[in-house]
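1. Model the structure of this input:
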Amino acid sequence: MTFRPTIRTQQDLEEAWRTLMGPLGFAGHSIWLMLIRSDDRPFPHLTQIEDAEHLPTPVELAGAAEMLEELHAEFAPGGRAAFLRSRPGSGGLTPDDRAWAEALYEVARIAGVPTEVVHRACDVDLVPVPMDDALPDSVA
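-> Next up is the predicted model:
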């Protein structure tokens, strides 16, 4: 049976990520993309970008935005995106976690795709990274 929750709230999204990412523990750094259709149900396939340890360059950001725009148009028109960064290591949000969240919010903005709160999962916890936490202090 395919996991097809209804995602209408932040709690719904966090529970979906916990189900999809559990049990916690990661050998590498990845970015995960879930497309949520206009009926609030996720498209039944996650996109994983592996080896995502280093922040993307501006060219890579533009390429990711183009990919998101195309996937959104084909598989979830009228829907939205949800991102999660997974990494090995301990809990707590690191500066890299915040920078990755900022980059993922930027990808969605460039693509013109509504996005949910970005999440980060590590070996010990899974937490939301709201946009206010991701933006540099001088912007927030």
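2. show me what contacts the spatially most central residue of the chain?
-> When the chain is reduced to its mean C-alpha position, the closest residue under Cα atoms, centre = their mean turns out to be Phe83, at 0.9 Å. Contacts were defined as Cβ atoms under 8 Å, 6 or more residues apart in numbering; by that measure Phe83 touches 31-34, 104, 107-108, 115-116, 118-119. Bear in mind the C-beta positions are built from the backbone N, C-alpha and C, glycine included.
3. mind running it again at 6 Å?
-> For Phe83, the contact set (Cβ atoms under 6 Å, 6 or more residues apart in numbering) comprises 33, 104, 118.
4. Just give the nearest non-adjacent residue to Phe43, would you?
-> Distance criterion Cβ to Cβ, 6 or more residues apart in numbering; nearest residue to Phe43, sequence neighbours excluded, is Leu35 at 4.2 Å.
5. Same check on Ala108?
-> Thr115 (3.7 Å).
6. my guess is that neighbour meets Val107, correct?
-> No: counting by Cβ atoms under 6 Å, Val107 is not a contact partner of Thr115; they are 8.3 Å apart.
7. which ones are touching Leu55?
-> Listed by Cβ under 6 Å, 6+ apart, the contact set of Leu55 reads Ala99.
8. Can you give me the pLDDT of the residue nearest to Phe43?
-> At Leu35, the predicted lDDT confidence score is 98.
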